[in-house]
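S.K.: sequence-free structure coming up:
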């Protein structure tokens, strides 16, 4: 074995490695384009219609974000002895005051978040069949065993 044959083997090996690397890179590009086009098709078929349906819910008046201020109503309910209202009217004022408090306690952002999560969960279930990624079996030292569903 002389150094010329070793040098020739190293050079030819490097050239083959470079050709294989470039060929693999091109193959990866085409394969990546196929996967990318499948993802775009899935987006166009599933997620875009979901987003389009959400748009119609955003075209309404967002005045639900405002809090109702019922100071006079609260005054009537809290100081009923001052106003001398009959019992039926007093009960209606108390009921209305309770409704105003419940309305003010609603968080529309949380409600919208829950609606969006439900829509995308349903879409995920339509694609994959379930949102359960797997079941994890647990056991402790006392011999108790239980299963936990792992959600996506």
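M.R.: Perfect, thanks for sending it. Computed from a prediction, not measured in an experiment: that's the story for all the values here. Residues are numbered from 1 along each chain as shown.

S.K.: just confirm residue 148 is within a strand.
M.R.: Yes - counting by DSSP: H, G, I helix; E, B strand; the rest coil, residue 148 falls inside a strand.

S.K.: isn't it right up against residue 133?
M.R.: No - with contacts counted by C-beta atoms under 8 Å, residue 148 stays clear of residue 133, the gap being 11.1 Å. For every residue, glycine as well, the C-beta is placed using N, CA and C.

S.K.: from residue 123, how far off is the residue nearest to the spatial centre of the chain?
M.R.: Nearest to the mean C-alpha position of the chain, by C-alpha atoms, centre = their mean, lies residue 117 at 4.7 Å. Computed as C-beta to C-beta, to the nearest Å, the residue 117 to residue 123 distance reads 11 Å.

S.K.: number of residues surrounding residue 86?
M.R.: Around residue 86 there are 7 other residues, counting by other C-beta atoms under 10 Å.

S.K.: residues contacting it?
M.R.: Contacts of residue 86 were listed using C-beta atoms under 8 Å, 6 or more residues apart in numbering, and none were found.

S.K.: returning to that earlier point: so the residue nearest to the centre of the chain: helix, strand or coil?
M.R.: Under three-state DSSP, residue 117 falls in the helix class.

S.K.: same question for residue 136.
M.R.: Residue 136 - assigned by three-state DSSP - is strand.
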